[in-house]
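Undergrad: structure here, sequence nowhere to be found:
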């Protein structure tokens, strides 16, 4: 990584995720102090090494075709692809990648809510997931499963 690239963003490791501070500084309140917006990428996941080196085009070429590397860890890959598009100023391409990452999180939380016998929360999260990623297979699958079954807690209680 060049010293110029290093000076463009600061990085701080946190578990598997890494926060990347964008070079775009914004004035905070009237005091004029500057802050940097942060993006989160997944370390040790598809596309990570290229992001860490500032090679966002490398991450895009690895992940954008949605090949086996992308599908091996869809959450990390869609998040890293989102970051690469943003950092390379490909705003139009960033939206669907970011939406997929968010949609996966909503879908996962919907399953959690369903397991905790919170059908309204589950339905709300699945609605958000569908809005963000309407043609995703995982969204349609979870909508079908969660919509046709009782919550896991109710099923366990009835079995007793």
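TA: Alright, I've got the coordinates. All values derive from a computational prediction rather than experimental measurement.
Undergrad: use CA for all of it now, contacts and neighbours both
TA: Fine.
Undergrad: what residues of the host helix or strand of residue 35 count as buried?
TA: Take DSSP states H and E as the rule and residue 35 turns out to sit in strand 33-42. Neighbour-count burial for strand 33-42 flags 36, 38, 39, 40, 41, 42 (criterion: 16 or more other C-alpha atoms under 10 Å).
Undergrad: same question for stretch 64-73.
TA: For stretch 64-73, by 16+ other C-alpha under 10 Å, it's 64, 69, 70.
Undergrad: repeat for stretch 79-86
TA: For stretch 79-86, by 16+ other C-alpha under 10 Å, it's 79, 80, 81, 82, 83, 84, 85, 86.
Undergrad: how far away is the residue most central in space within the chain from residue 108?
TA: Nearest residue to the geometric centre of the chain (C-alpha atoms, centre = their mean): residue 101, 3.0 Å. Here residue 101 is placed at a distance of 11 Å from residue 108 (C-alpha to C-alpha, to the nearest Å).
Undergrad: do the same with residue 143
TA: Distance from residue 143 to residue 108, by C-alpha to C-alpha: 11 Å.
Undergrad: ditto for residue 86
TA: 24 Å.
Undergrad: thinking again about what came up before, what is the helix or strand where the residue nearest to the centre of the chain lies packed up against?
TA: Using DSSP H and E, residue 101 sits in helix 91-115. Helices and strands touching helix 91-115, as assessed by 3 or more C-alpha pairs under 8 Å, 6 or more residues apart in numbering; DSSP states H and E, comprise helix 74-87, helix 119-132, helix 137-148, helix 152-159.
Undergrad: what would the buried residues of strand 33-42 look like in JSON lines with distance to residue 55 and pLDDT?
TA: JSON lines is the format used below for the buried residues of strand 33-42 (distance: C-alpha to C-alpha, whole Å; pLDDT from 0 to 100):
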{"residue": "36", "distance to residue 55": "20", "pLDDT": "77"}
{"residue": "38", "distance to residue 55": "18", "pLDDT": "86"}
{"residue": "39", "distance to residue 55": "15", "pLDDT": "89"}
{"residue": "40", "distance to residue 55": "16", "pLDDT": "89"}
{"residue": "41", "distance to residue 55": "13", "pLDDT": "91"}
{"residue": "42", "distance to residue 55": "15", "pLDDT": "92"}
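Undergrad: fine by me, thanks again.
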